[in-house]
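Student: no sequence on hand, only this structure:
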């Protein structure tokens with residue numbers, strides 16, 4: 001059902017004159033699947049939001065190009081507006097200097113998208129974002145504004161406190177550092193466990209199990225990497241889910257492999273079907289964050305022809 005709807009929405013998106021193409025069209029279609037509108041109406045909403053964002057941001061302020069279509073699709077799919085996104089983006093930029101937490105990624109666009117999706121547009125939500133960002137800010141030699149802004153905004157959208165986020169990350173990091181197989185992934189594993197509110201011990205077990213299980217699924221193994229397995233483990237994927245993800249990959253044979261786009265889309269379809277309460281603590285908001293993050297990763301890597309993940313940077 002999800003695959004057939006995705007393909008129908010994709011056909012509508014691809015028919016847009018001057019619209020997104022390639023990987024961007026597939027992820028835009030996936031984002032629009034969240035809408036209850038017809039494919040045509042959902043695509044029309046995306047086009048309207050894209051035009052409004054472009055008019056407000058011009059051709060040089062982020063997001064631009066295919067990423068602008070992804071932002072528009074994510075907002076349209078969840079019934080959000082361009083004006084709401086721009087309002088939060090402006091609020092973040094106004095508070096940036098006073099926060100003393102280093103420069104916002106892409107002018108605050110990534111954080112604004114996450115906060116928009118959660119309807120967290122208040123001054124309090126903006127202050128919470130900067131407080132959490134300050135609490136999780138890494139040393140300058142490990143700094144990555146894209147990663148920090150995404151996670152700070154995600155926690156702020158859930159109204160987590162800075163102390164709670166820091167404490168949960170530190171506790172989780174100790175678990176992953178103690179295991180040789182995950183020592184090199186300890187920071188990303190800790191932040192993912194804290195974001196998805198998953199026990200570090202359980203995430204560790206799922207990761208180890210996935211790492212072994214993918215050896216029996218060649219298409220999945222060759223398309224992914226240990227960073228993706230860790231991300232999946234935090235989202236609740238187990239070896240039992242791999243055949244379904246593999247089947248989704250086969251059905252999505254027209255999607256590019258660049259940036260693990262086909263693999264990510266196949267798993268997102270699984271995640272979307274499971275985000276109905278059966279994932280326990282992995283909320284619909286978390287699933288939405290995963291979707292827009294994967295989309296942006298895939299588009300970025302397709303543009304640069306380099307395979308990377310948010311959690312590996």
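Tutor: Looks like it arrived, so ask away. Not measured: the values here are computed from a predicted model. Numbers count the residues shown, from 1 in each chain.
Student: and residue 49, what does it touch?
Tutor: 72, 75-76, 81-82 (CB atoms under 8 Å, 6 or more residues apart in numbering). Just so you know, the C-beta spots here come from the backbone N, C-alpha and C atoms, and that holds for glycine as well.
Student: which of those count as buried?
Tutor: 72, 75-76, 82 (16 or more other CB atoms under 10 Å).
Student: any stretches of this structure with poor pLDDT?
Tutor: Scanning the chain for pLDDT under 70 picks out the ranges 1, 275-313.
Student: still on that earlier bit, most widely separated two among the buried ones among the contacts of residue 49?
Tutor: For those, the maximum inter-member distance is 9.3 Å, found between 76 and 82 (CB to CB).
Student: overlap in contacts of the two?
Tutor: 48-49.
Student: that older thread, need the contacts of residue 49 in TSV with distance to residue 113 and secondary structure, can you?
Tutor: Formatted as TSV, those follow (distance: CB to CB, whole Å; DSSP: H, G, I helix; E, B strand; the rest coil):
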residue	distance to residue 113	secondary structure
72	10	helix
75	8	helix
76	12	helix
81	12	coil
82	11	helix
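Student: which of those residues sits closest to residue 5?
Tutor: Checking these one by one against residue 5 (CB to CB), the nearest turns out to be residue 76, at 15.4 Å.
Student: let me know the closest of the buried ones among the contacts of residue 49 to residue 172.
Tutor: residue 75 (31.4 Å).
Student: look up the closest residue to that closest one, ignoring the ones flanking it.
Tutor: With sequence-adjacent residues excluded and distances taken as CB to CB, 6 or more residues apart in numbering, residue 75 is closest to residue 49, at 5.4 Å.
Student: which SS class is the one you found?
Tutor: helix (DSSP: H, G, I helix; E, B strand; the rest coil).
Student: beyond the helix or strand harbouring residue 148, next helix or strand please.
Tutor: Element membership for residue 148 (DSSP states H and E) is helix 145-157. For helix 145-157, the following helix or strand on the C-terminal side (DSSP H and E) is helix 162-177.
Student: and residue 71, helix, strand or coil?
Tutor: Residue 71 ends up helix, using three-state DSSP.
Student: okay then, goodbye and thanks.
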